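In: fold the following, please.
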Amino acid sequence: MGAVLWAAEAAAVDCRDLVHEENRYTVCEVDAGTEDLRLFLNDAQGELLGQFSAVESELAGEGGRLAFAMNAGMYHDDRSPVGHYVENGAEVTRVIANPGPGNFGLLPNGVFCIRQGRADVIETLRYVEAQPECRFASQSGPMLVIDGELHPRFLPDSTSRYIRNGVGTSEDGQRVVFAISDDYVTFHEFGGLFRDVLKTPQALYFDGNISRLYAPQIDRSDVGFSLGPIVGVVEAAQ
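Out: Just a heads-up that it's a prediction; the model follows:
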C-alpha cells in the first residue's frame with residue numbers, strides 16, 4: 001500500500017506526495033463540484049498557449065490565476081490535439097473511436113469531460129453513445145482503469161518505463177485526482193496507483209515523458225517545450 005509522505009494545505013487544490021510499490025508520485029485532488037476546472041489550448045487571439053506561464057498571463061486579464069495545472073492530452077507537432085477536444089462548449093476536434101498507433105490508439109481509450117458541477121473520465125465508446133454536454137473535453141489514451149479494473153493490455157512485467165501523468169474520477173464526478181509519477185513507471189504500476197491507492201473507478205492516461213505539473217502550493221512549476229492541451233484550476237487573484 002502507498003504511504004503518504006507529505007501534504008500541503010491548499011484552498012482550491014490539495015497536492016501531496018506519496019509512495020506506492022516503491023515508486024514516488026505527486027497527486028493533486030480537486031472537488032469538481034466547487035472548483036473552476038478548465039482546459040486551455042489557445043489564447044483569445046487563437047495563438048497557442050503552450051506553457052503554464054502563458055495560461056497565467058491569459059487569466060490575469062480576467063482577474064484570475066492558476067491554482068494548479070497539468071498537461072492534459074496528446075498532441076501533434078503543431079500542438080493541436082490528437083483526439084477529441086472541446087473548449088467552452090465548442091468542439092475543436094472530433095472523437096476518434098477506432099484503433100490506431102501508439103498509446104492513444106491502444107483501445108479502450110477515453111475522454112476527460114468537465115460539465116457543470118462535475119468531471120468524469122468516460123470510455124470513448126460510452127462517450128459517443130451518451131453524448132454528454134461537456135463544457136471542456138480532452139480525449140487521450142489508453143484508459144488506465146475501467147470500472148475498477150486495469151486496462152486489459154497492461155503487463156505486470158512490462159519494461160516500458162516513463163514519467164507518466166493522468167487523471168481519475170469518482171463515480172459521482174465530484175472527486176478528480178490528477179497524478180504524475182516522479183519515477184519512471186510502467187502502465188501497470190501507474191494504473192495500479194489509481195485503482196488501489198487513489199480508489200478511482202475510472203482513470204485516463206494523459207501522456208508520458210513530457211508530463212509536467214504546476215502546483216504553486218508545493219512550489220512546483222515544471223518547465224520545458226510547449227504543450228498542447230492543459231488542464232487547470234482557476235481561482236481569483238489575490
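In: mind listing what residue 102 touches?
Out: By Cβ atoms under 8 Å, 6 or more residues apart in numbering, the residues touching residue 102 are residue 74. C-beta coordinates here come from the backbone N, C-alpha and C atoms, glycine included.
In: could you do residue 149 as well?
Out: Taking Cβ under 8 Å, 6+ apart, one finds residue 195 in contact with residue 149.
In: what do you get for residue 85?
Out: When contacts are counted by Cβ under 8 Å, 6+ apart, residue 85 touches 39, 41, 73, 91-93, 137-139, 229.
In: in strands only, show me these.
Out: Members of the contacts of residue 85 lying in strands (criterion: DSSP state E): 39, 91-93, 137-139.
In: still on that earlier bit, name the member of the contacts of residue 85 with the most neighbours.
Out: residue 138 (32 neighbours; other Cβ atoms under 10 Å).
In: these two touch, right, that residue and residue 229?
Out: Yes. Counting by Cβ atoms under 8 Å, residue 138 touches residue 229, with 5.0 Å between them.
In: overlap in contacts of these two?
Out: 39, 72-73, 81, 85.
In: just give me the closest of those residues to residue 63.
Out: Distance to residue 63 across the shared contacts of residue 138 and residue 229 (Cβ to Cβ) is lowest for residue 39, with 19.6 Å.
In: distance check, that closest one against residue 55.
Out: In this view, residue 39 and residue 55 are 10 Å apart by Cβ to Cβ, to the nearest Å.
In: list residues touching both of those two?
Out: 230, 232.
In: and for the closest residue to residue 89 other than its chain neighbours, the neighbour number?
Out: Distances taken as Cβ to Cβ, 6 or more residues apart in numbering place residue 135 nearest to residue 89, at 5.6 Å, with adjacent residues excluded. Burial of residue 135 is recorded as 17 neighbouring residues (other Cβ under 10 Å).
In: which residues does residue 95 contact?
Out: Neighbouring residues of residue 95 by Cβ under 8 Å, 6+ apart: 83-84, 111, 124, 127-128, 139.
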